[in-house]
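Engineer: test case, fold it:
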Amino acid sequence: MFLTRLALAHFRNYRHLDLAFTQRLTLLQGQNAQGKTNLLEAIYYLATSKSCQARAEREVVGWSAAEEPIPFAQITGYVQRGAQELKLEILFTPRTDGTGFVKQIRINGVSRRALDLVGQMRAVLFRPEDIVLVSGGPGERRRYLDIALCQMDRAYCQHLNRYQKVLTQRNSLLKQLREQGAPPQAPATGAQIRFWDEQLAAHGAVVTARRYAFLAQLAPLARQRHQELSTQRENLVLVYLPSFNPGHLSPEEFLQLRQEGAPFVPESASPLLTPETIAQHFLAHLEQRRERELAAGATLYGPHRDDLRLLVNGRDLRSYGSRGQQRTAALALKLAEVEAMTQETGETPILLLDDVMSELDALRRGALLTALAQVNQAILTATDWEDFAPEFRAQAQLFRVEGGAVRVPADIREESADRGGAS
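Structural biologist: Okay, here's the model as predicted:
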């Protein structure tokens, strides 16, 4: 898998860009706020159909788009997958009601859904901000799992999408029943909820089972990468925290797992964790907790409320880890993701690294550079050429990014000496 060309129109601070990638390694150098991260964001968009930093589509449409008769922004990528070449396009155009922009997808010129784009070109992005995978709330970790799995498993993405739609419908019904004061044990109440319970359990069980299987694959890889990054001093363990007992734990084990610092850790995906088993326990749990959910007017259990705990030497990194430890764990998780995705699909994802070298010490830089040898394509950004050794730069395609323009640098030595000036 190789991104051969990227074209942008009115995307962020890029008025127009047409960039060809010819080497396995690409290094983009430039000062802050010049457009390096915007380039990686565009590539990430093509891989996941989502932005890594924007909350709304209108944020990625550049100011230069106002010069067009109809404002727009566009990302186009050409991807080589074996003997097949794909043309992936994302077009942002104004909504008819003027409230923002809508995203349109085309694959080889044919209009498709965003769901169809995911997995056509796989990418793993690592940024300094990814420390939030460890330090942030459960939603950050669920989002990480969902993005990784959707790129690898189309069925997972479909079930996740259906689960989210059912969840919205069920929450609406629960809120309505709460406002009506419906008795939790009344047959009419149960009849209204039961249909959505079954739909929620059917799709949610597939999501939960697939997450468990992925973490069973990811955990040993992340542990190995983390040991290398910590010179064998620390042991990383990934623990999935479901919001209900999916069926492979005793009540005592589940209670222990939910407690802070619980020593019980499932080391692999249990053969008992089939979607059918999980759905059965999910349905039973929803029925047992119906009164509580009606009082809340919301769905309180399911994969949308699950979490991933990262333990180092038995301690929860979110609560007790230093920023250095949290950053190391996030990096180990991303490097393990590259390996897991390669094992799962037979294709190595594109590795995107956004100015991470300046945040790492020499040991972690070395581990990261070692990981680069395992990928077919890596695109990196840096503010300083000297973050990378001359030997690395000699084998990489080099670009200078400045003010939304990309060019081949004339002389790296001169630019390194004049880091703050225009070139």
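Engineer: show the average pLDDT along stretch 54-72.
Structural biologist: For stretch 54-72, mean pLDDT is 88.
Engineer: what does stretch 386-393 give?
Structural biologist: 88.
Engineer: that stretch spans what distance, first to last residue?
Structural biologist: 9 Å (Cα to Cα, to the nearest Å).
Engineer: what's in contact with that stretch?
Structural biologist: By Cβ atoms under 8 Å, 6 or more residues apart in numbering, the residues outside stretch 386-393 that reach it are Leu25, Leu27, Met357, Ser358, Leu369, Leu380, Ala382, Trp385, Ala396, Ile412, Ser416. The C-beta positions use only the backbone N, C-alpha and C, and glycine is treated the same way.
Engineer: tell me what the second one is bridged to.
Structural biologist: In this entry, Leu27 is beta-bridged to Leu380, Leu398, by DSSP bridges.
Engineer: those strands in the stretch 51-200 of the chain, which residues are they?
Structural biologist: 73-81, 84-94, 101-107, 110-112, 123-126 (DSSP state E, counting those that start in this stretch).
Engineer: could you list the low-pLDDT ranges of this structure?
Structural biologist: 260-272, 411-423 (pLDDT under 70).
Engineer: just checking, what packs against the helix or strand where Val401 lies?
Structural biologist: Element membership for Val401 (DSSP states H and E) is strand 397-402. If you count contacts as 3 or more Cβ pairs under 8 Å, 6 or more residues apart in numbering; DSSP states H and E, strand 397-402 packs onto strand 25-29, strand 405-407.
Engineer: please work out which of those is packed deepest.
Structural biologist: strand 25-29 (a mean of 23; mean count of other Cβ atoms under 10 Å).
Engineer: need the CA coordinates for it. CSV is fine.
Structural biologist: Output of strand 25-29 as CSV, limited to C-alpha atoms (Å, rounded to 0.1, in the frame of the first residue of the first chain):
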residue,chain,number,x,y,z
LEU,A,25,10.2,7.8,3.6
THR,A,26,9.1,11.4,3.3
LEU,A,27,10.2,14.1,5.6
LEU,A,28,8.3,17.4,5.7
GLN,A,29,10.1,20.2,7.5
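Engineer: which residues are contacting that strand?
Structural biologist: Residues outside strand 25-29 that contact it (Cβ under 8 Å, 6+ apart): 36, 39, 372, 377-385, 388, 392-393, 395-401, 406, 409, 415.
Engineer: which residues of the stretch 201-350 of the chain fall in helices?
Structural biologist: All helices of the stretch 201-350 of the chain, identified by DSSP state H, counting those that start in this stretch, fall at 251-258, 275-288, 290-296, 317-320, 323-345.
Engineer: out of those helices, which gets nearest to Val118?
Structural biologist: Nearest to Val118 among those is helix 323-345; the distance by Cβ to Cβ comes to 12.6 Å.
Engineer: by contact count, what packs against that closest one?
Structural biologist: strand 123-126, helix 132-135, helix 138-152, helix 187-229, strand 307-312, helix 317-320, helix 362-372.
Engineer: name the nearest residue to Pro183, ignoring sequence neighbours.
Structural biologist: Thr189 (6.0 Å; Cβ to Cβ, 6 or more residues apart in numbering).
Engineer: near Pro138, how many residues? Count them for me, please.
Structural biologist: Neighbourhood size, Pro138 [other Cβ atoms under 10 Å]: 16.
Engineer: I'd say it and Pro303 touch.
Structural biologist: No. The criterion here is Cβ atoms under 8 Å, and Pro138 misses it with Pro303 at 10.9 Å.
Engineer: now do Asn376 against Leu25, distance only.
Structural biologist: 10 Å (Cβ to Cβ, to the nearest Å).
Engineer: got the contact list for the spatially closest residue to Ala378 that is not a sequence neighbour?
Structural biologist: The spatial neighbour of Ala378 that comes closest, neighbours along the chain excluded (Cβ to Cβ, 6+ apart), is Leu351 at 4.2 Å. Leu351 makes contact with Ala123, Val124, Phe126, Val338, Ala371, Leu372, Val375, Gln377, Ala378, Ile379 under the criterion Cβ under 8 Å, 6+ apart.
Engineer: Ala20 now?
Structural biologist: For Ala20, the contact set (Cβ under 8 Å, 6+ apart) comprises Thr4, Arg5.
Engineer: specify the beta-bridge partners of it.
Structural biologist: Arg5.
Engineer: Tyr14 versus that one, what's the distance?
Structural biologist: Applying Cβ to Cβ to Ala20 and Tyr14 gives a distance of 15 Å.
Engineer: what does Gly82 give?
Structural biologist: Separation of Gly82 from Tyr14 (Cβ to Cβ) stands at 30 Å.
Engineer: with Ile131 instead?
Structural biologist: Distance, Ile131 to Tyr14, by Cβ to Cβ: 28 Å.
Engineer: count residues in the vicinity of Glu252, would you?
Structural biologist: By the measure other Cβ under 10 Å, the count of residues near Glu252 is 9.
Engineer: actually, Arg170.
Structural biologist: Based on other Cβ under 10 Å, the number of other residues close to Arg170 is 21.
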